[in-house]
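*Asks:* Sequence first, predicted model second:
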Amino acid sequence: MHDLILRNGRLLDPETGLDATGDVAVRDGRIVATGRVEGEAAREIDAAGLCVAPGFIDLHGHGQSIPADRMQAFDGVTTSLELEVGVLPVDAWYGKQARSGRVLNYGTAVAWAFARIAAMSGLEPEPELGFMGRATRERRWMEEVATDAEVAEVLRRVREGLDEGGIGIGLPSAYAPGTGVKEMSLVCSLAADRGVPTYTHIAYMSNVDPKSSIEAYTRLIGYAGSTGAHMHICHFNSTSLLDVERSAQLVRKAQELGLKITVEAYPYGSGSTVLGAAFFTDPAFPERTGRDYGAVQMVSTGHRFTSRDELVAAQRETPASLVLFHFLDVDVQPRHQDLLDVSILYPGGAIASDAMPWTLPDASVYTGEEWPLPADASSHPRSSGTFTRFLRQYVLDRKAMPLLDGIAKCTLIPARVLEESTPQMRRKGRLQPGCDADIVAFDPETLRDRADFRNMNRAAEGMRHVLVNGTPIIADGALETTARPGRPVRR
């Protein structure tokens with residue numbers, strides 16, 4: 001007997017091209033049959049009228065907590081990975097997740113930035129994202145070239161994280177723009193030697209030279225060519241700013257030449273980061289980004305800054321606070337929507353959320369069990385609706401690509417970024433026998449994101465059933481609040 005059968009759904013598997021009505025049978029956390037399934041199951045789900053697809057894989061999720069998992073489940077996510085920044089110590093982080101229990105599958109890269117903080121500031125890393133935000137009070141690791149001895153210590157700590165199972169190296173270069181090219185080349189060579197990707201926030205975000213986004217992408221392409229590293233570009237949309245068309249040309253040419261470069265993007269014209277990020281303090285910030293300081297907004301209070309002096313003063317007080325950066329006006333300027341489309345529709349590019357932790361008005365991170373989330377919990381709309389927004393707007397409404405291709409951007413493409421170095425990802429992102437039973441069943445008529453910048457914690461709609469390793473975490477559109485079936489993704 002099967003554990004569960006989804007009956008009569010529209011089955012979508014981007015790897016095989018399957019798009020047909022049929023059933024999916026699950027046993028012991030794996031898919032055991034698709035098509036017309038005979039026999040009985042302990043539980044059957046009528047999926048008639050629903051699209052049944054692999055669970056979505058988020059390569060860029062900073063939430064990494066029960067509240068973040070629950071919100072992302074309604075967005076169709078079944079695997080949420082902290083790759084752009086990562087953590088150290090890696091083993092301690094995985095142990096913490098296992099003890100607390102997770103709703104979604106989880107995993108992390110090794111945090112190069114944490115290693116740099118330790119080597120240059122003497123602060124011992126703590127296995128959580130907030131460590132980097134707090135460490136921005138110590139500016140040297142952000143602004144200066146490391147000594148040879150410090151670089152050696154950075155590499156030692158990164159190797160240790162890889163030995164503990166980290167699934168690549170997080171390289172948020174923009175947060176340490178003073179880093180030397182020699183250090184970056186050595187880190188990339190280490191990644192190539194170990195056969196793991198780097199997940200890179202490019203060094204510069206600017207529309208003008210010097211230190212433009214184009215310079216940063218040219219440098220990234222150079223690292224790929226000179227070291228052989230797989231360079232994965234995080235949030236292609238927000239780091240390219242108004243130069244995304246030229247950035248896309250450069251990346252496409254590098255890919256055509258055989259370099260290992262992949263990209264991801266999210267369907268919003270606003271980003272989010274910590275207040276202490278170095279690029280906000282650049283005196284030429286308005287010229288470089290095409291935006292004034294009013295484009296920087298506190299998540300916890302909604303306050304928009306009025307000047308550089310005000311922002312720098314706030315950085316000294318609470319550098320780890322989360323802020324929004326409205327880099328494109330997609331609702332007002334059609335040209336900005338066109339620019340966003342370049343990154344979202346980039347051929348072979350993944351959708352990834354850059355989902356942020358949920359915070360309360362006092363700027364503390366919410367990690368509690370309340371559901372729905374507290375009314376005053378805030379983050380970024382992308383933490384609630386990235387994948388449903390993409391499917392609704394780009395695939396179902398605008399028909400910018402076929403549904404199967406849209407599903408691939410959420411499933412198969414992100415799985416392939418990882419599977420060469422992390423073999424268990426070969427069982428994810430597919431709706432096939434032998435694959436993990438991470439499955440979504442959604443109603444294409446009602447699927448939509450509901451979060452906006454005034455109501456960030458509105459869960460998406462349309463996900464009728466979501467399974468993680470064969471266990472329902474959403475059933476008939478309702479959250480199963482006691483479910484903790486998430487398992488580690490680890491090398």
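*Replies:* In hand now; what should we look at?

*Asks:* residues near Val110, how many?
*Replies:* 33 (other Cβ atoms under 10 Å). C-beta: built from backbone N, CA, C; applies to glycine.

*Asks:* for Ala73, what are its contacts?
*Replies:* Going by Cβ atoms under 8 Å, 6 or more residues apart in numbering, Ala73 touches Val103, Leu104, Met463, Val466, Ile473, Ile474, Leu479.

*Asks:* try 6 Å
*Replies:* Listed by Cβ atoms under 6 Å, 6 or more residues apart in numbering, the contact set of Ala73 reads Val466, Ile473, Ile474.

*Asks:* State the phi and psi torsions of it.
*Replies:* phi -60, psi -40 (degrees, to the nearest 10).

*Asks:* For stretch 402-418, measure first residue to last.
*Replies:* 24 Å (Cα to Cα, to the nearest Å).

*Asks:* repeat for stretch 448-461
*Replies:* 5 Å.

*Asks:* Now that stretch: buried residues?
*Replies:* Going by neighbour count (16 or more other Cβ atoms under 10 Å), the buried part of stretch 448-461 is Arg448, Asp449, Arg450, Ala451, Met456, Asn457, Arg458, Ala459, Ala460, Glu461.

*Asks:* need those in JSON lines with distance to Leu259 and pLDDT, can you?
*Replies:* JSON lines is the format used below for these (distance: Cβ to Cβ, whole Å; pLDDT from 0 to 100):
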{"residue": "Arg448", "distance to Leu259": "37", "pLDDT": "98"}
{"residue": "Asp449", "distance to Leu259": "34", "pLDDT": "98"}
{"residue": "Arg450", "distance to Leu259": "39", "pLDDT": "97"}
{"residue": "Ala451", "distance to Leu259": "36", "pLDDT": "95"}
{"residue": "Met456", "distance to Leu259": "37", "pLDDT": "90"}
{"residue": "Asn457", "distance to Leu259": "40", "pLDDT": "93"}
{"residue": "Arg458", "distance to Leu259": "40", "pLDDT": "97"}
{"residue": "Ala459", "distance to Leu259": "39", "pLDDT": "98"}
{"residue": "Ala460", "distance to Leu259": "35", "pLDDT": "98"}
{"residue": "Glu461", "distance to Leu259": "40", "pLDDT": "98"}
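
*Asks:* Need those in JSON lines (columns: distance to Ala415).
*Replies:* Output for those, formatted as JSON lines (distance: Cβ to Cβ, whole Å):
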{"residue": "Arg448", "distance to Ala415": "25"}
{"residue": "Asp449", "distance to Ala415": "23"}
{"residue": "Arg450", "distance to Ala415": "27"}
{"residue": "Ala451", "distance to Ala415": "26"}
{"residue": "Met456", "distance to Ala415": "28"}
{"residue": "Asn457", "distance to Ala415": "28"}
{"residue": "Arg458", "distance to Ala415": "28"}
{"residue": "Ala459", "distance to Ala415": "25"}
{"residue": "Ala460", "distance to Ala415": "22"}
{"residue": "Glu461", "distance to Ala415": "26"}
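
*Asks:* backbone phi and psi for the nearest residue to Gly39 once chain neighbours are set aside, please?
*Replies:* Closest residue to Gly39 apart from its sequence neighbours, by Cβ to Cβ, 6 or more residues apart in numbering: His2 at 6.4 Å. Per-residue torsions, His2: phi -80, psi 160 (degrees, to the nearest 10).

*Asks:* Report the contact partners of Leu373.
*Replies:* Pro67, Asn457.

*Asks:* my guess is it is in a helix, correct?
*Replies:* No. With DSSP: H, G, I helix; E, B strand; the rest coil as the criterion, Leu373 is located in coil rather than a helix.

*Asks:* ok, now how distant is it from Glu128?
*Replies:* The spacing between Leu373 and Glu128, counted by Cβ to Cβ, to the nearest Å, is 19 Å.

*Asks:* Following element in sequence after the worst-scoring helix or strand of the chain on mean pLDDT, please.
*Replies:* Here the helix or strand of the chain ranked lowest by mean pLDDT, DSSP states H and E is strand 270-274, holding a mean of 86. Of the helices and strands lying after strand 270-274 in sequence (DSSP states H and E), the nearest is helix 285-289.

*Asks:* quick one: buried residues of that next one?
*Replies:* Buried positions in helix 285-289, judged by neighbour count with 16+ other Cβ under 10 Å: Phe285, Arg288, Thr289.

*Asks:* so what's the second one scoring on pLDDT?
*Replies:* Read that as Arg288. pLDDT, Arg288: 88.

*Asks:* Asp193 now?
*Replies:* The per-residue pLDDT of Asp193 was computed as 98.

*Asks:* Kindly list the main-chain dihedrals of the residue nearest the centre of the chain?
*Replies:* Taking Cα atoms, centre = their mean, the centroid of the chain lies closest to His60, which sits 1.4 Å from it. Backbone geometry at His60, expressed as degrees, to the nearest 10, gives phi -140, psi 70.

*Asks:* what bridges to it?
*Replies:* Taking DSSP bridges, one obtains Glu82 as the residues bridged to His60.

*Asks:* State the number of residues packed around Thr179.
*Replies:* 24.

*Asks:* Also Phe74?
*Replies:* 24.

*Asks:* got the contact list for it?
*Replies:* So Phe74 contacts Ala459, Ala460, Met463 (Cβ under 6 Å, 6+ apart).

*Asks:* which SS class is Leu186?
*Replies:* helix.

*Asks:* ok, it to Ile5 distance?
*Replies:* From Leu186 over to Ile5 (counting by Cβ to Cβ), the distance is 52 Å.

*Asks:* more neighbours, these two?
*Replies:* Ile5 (23 against 17).

*Asks:* The more buried one looks like it's in a helix, true?
*Replies:* No. The assignment for Ile5, made by three-state DSSP, is strand rather than a helix.
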